[in-house]
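Visitor: Sequence and computational prediction follow.
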Amino acid sequence: QVQLVESGGGLVQPGGSLRLSCAASAITSDYYAVGWFRQAPGKAREGISCISRSDGSTYYEDSVKGRFTISRDKSKNTVTLQMNSLKPEDTAVYYCAAQTVATIPCLFYEPDFGSWGQGTQVTVSS
């Protein structure tokens with residue numbers, strides 16, 4: 001099991017930036033990647049970015065590619081999502097999740113992600 005806590009959400013104007021952090025603690029099992037998911041009102045949750053724990057490979061969903069950057073600080077067990085050029089359609093609750101199933105990392109298959117944070121709200125509005 002991995003405990004995850006997100007921080008950094010808030011209200012930002014279109015074109016602005018936010019940085020989300022995901023801190024892992026109480027790590028009692030292996031995990032293979034950390035992903036960021038989001039759920040907009042009335043929509044299904046979707047995976048948007050992920051970083052492999054083994055080699056740091058990164059993955060992005062097309063709608064955020066070129067605007068969002070995922071990174072990690074291994075010494076602090078923290079994964080950060082830097083979000084630039086934010087759009088109103090980025091408004092959602094953002095979750096980080098640890099992939100605890102030993103399979104190909106970062107396929108955004110939710111059952112592979114056994115530990116989830118509580119979520120943080122991101123609102124992009126003028």
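Guide: Right, received. Where do you want to start? Computed from a predicted structure; not experimentally measured.

Visitor: any idea of the pLDDT on the residue positioned nearest the centre of the chain?
Guide: The residue lying closest to the centre of the chain (C-alpha atoms, centre = their mean) is residue 36, at 1.9 Å. With respect to pLDDT, residue 36 scores 98.

Visitor: go on, the one 10 residues further on?
Guide: Per-residue confidence at residue 46 stands at 97 (pLDDT).

Visitor: for residue 26, same thing?
Guide: On the pLDDT scale, residue 26 gets 75.

Visitor: wait, it sits on residue 3?
Guide: Yes: using C-beta atoms under 8 Å, residue 26 is in contact with residue 3, at 4.2 Å. In short, each C-beta sits where N, CA and C put it, glycine included.

Visitor: quick one, which of the two is more surrounded?
Guide: residue 3 (14 against 9; other C-beta atoms under 10 Å).

Visitor: That one: what's it in contact with?
Guide: 24-27, 115 (C-beta atoms under 8 Å, 6 or more residues apart in numbering).

Visitor: switch to 10 Å and redo it
Guide: 23-28, 98, 115-117 (C-beta atoms under 10 Å, 6 or more residues apart in numbering).

Visitor: What about the residues you listed, which are in strands?
Guide: Using DSSP state E, 23-25, 98, 115-116 are the members of the contacts of residue 3 that sit in strands.

Visitor: quick revisit: now list whatever residues contact both of residue 26 and residue 3.
Guide: Joint contacts of residue 26 and residue 3 (C-beta under 10 Å, 6+ apart) are residue 115.

Visitor: Name the secondary structure element that contains the residue nearest to the centre of the chain.
Guide: Per DSSP states H and E: residue 36 is located in strand 33-39.

Visitor: what packs against that strand?
Guide: With contacts taken as 3 or more C-beta pairs under 10 Å, 6 or more residues apart in numbering; DSSP states H and E, strand 33-39 sits against strand 18-25, strand 46-52, strand 58-60, strand 68-73, strand 78-83, strand 92-99, strand 113-116.
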